[in-house]
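Asker: following is a predicted model, sequence given first.
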Amino acid sequence: MTQIIVLPHVELCPEGAVIDAEPGSSICDSLLANGISIEHACEKSCACTTCHVVIREGYEQLEAAEETEEDLLDKAWGLEPNSRLSCQALVTDVPLVIEIPRYTINMAKEGKR
């Protein structure tokens, strides 16, 4: 198992969390399996940015993002150079420190199709 440290998020994880994740699983699935209800409006199909996270430690050890993910990330709120869509980033054997941005853009929920 790989350790993921989740920095505090005012709504989803106010105290922060330390979770164990199975290598090969997505960060999104790992968060959800551990009771952190990160939004994933497109049901993890790489079609939105609601599961955007910032990888504070361990970014370099993740597989590179594919072009579709890179294109979507350009639309994410609070984009940083070490941003990823948690539904696409797979856990390796390297521990991660992640931050869930305070806001997310959900076009379907906000009626901006």
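Answerer: On my side now, so go ahead. Residues are numbered from 1 along each chain as shown.
Asker: buried residues in the helix or strand of the chain with the lowest mean pLDDT?
Answerer: In the chain, the helix or strand scored least confidently by mean pLDDT, DSSP states H and E is helix 67-73, which has a mean of 96. For helix 67-73, burial by neighbour count (16 or more other CB atoms under 10 Å) applies to Glu69, Leu72, Leu73. Just so you know, the C-beta spots here come from the backbone N, C-alpha and C atoms, and that holds for glycine as well.
Asker: show the pLDDT at the residue positioned nearest the centre of the chain.
Answerer: In the chain, the centroid-proximal residue (CA atoms, centre = their mean) is Ser86; its distance is 2.8 Å. Note on Ser86: pLDDT of 98.
Asker: residues in contact with it?
Answerer: Listed by CB atoms under 8 Å, 6 or more residues apart in numbering, the contact partners of Ser86 are Ser26, Ile27, Cys28, Leu31, Ile38, His40, Cys51, His52, Val53, Ile98.
Asker: which strand or helix spans the last one?
Answerer: Element membership for Ile98 (DSSP states H and E) is strand 96-99.
Asker: given that strand, what are its sheet partners and their directions?
Answerer: Next to strand 96-99 in the sheet, as set by DSSP bridges, lie strand 2-6 (parallel), strand 52-57 (antiparallel).
Asker: JSON lines for these, including mean neighbour count?
Answerer: Listed next are those as JSON lines, based on neighbours: other CB atoms under 10 Å:
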{"stretch": "strand 2-6", "mean neighbour count": "19"}
{"stretch": "strand 52-57", "mean neighbour count": "20"}
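Asker: turn these into TSV, columns for distance to Lys44 and mean pLDDT.
Answerer: Formatted as TSV, the strands paired with strand 96-99 follow (distance: least, CB to CB, whole Å; pLDDT from 0 to 100):
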stretch	distance to Lys44	mean pLDDT
strand 2-6	17	98
strand 52-57	13	98
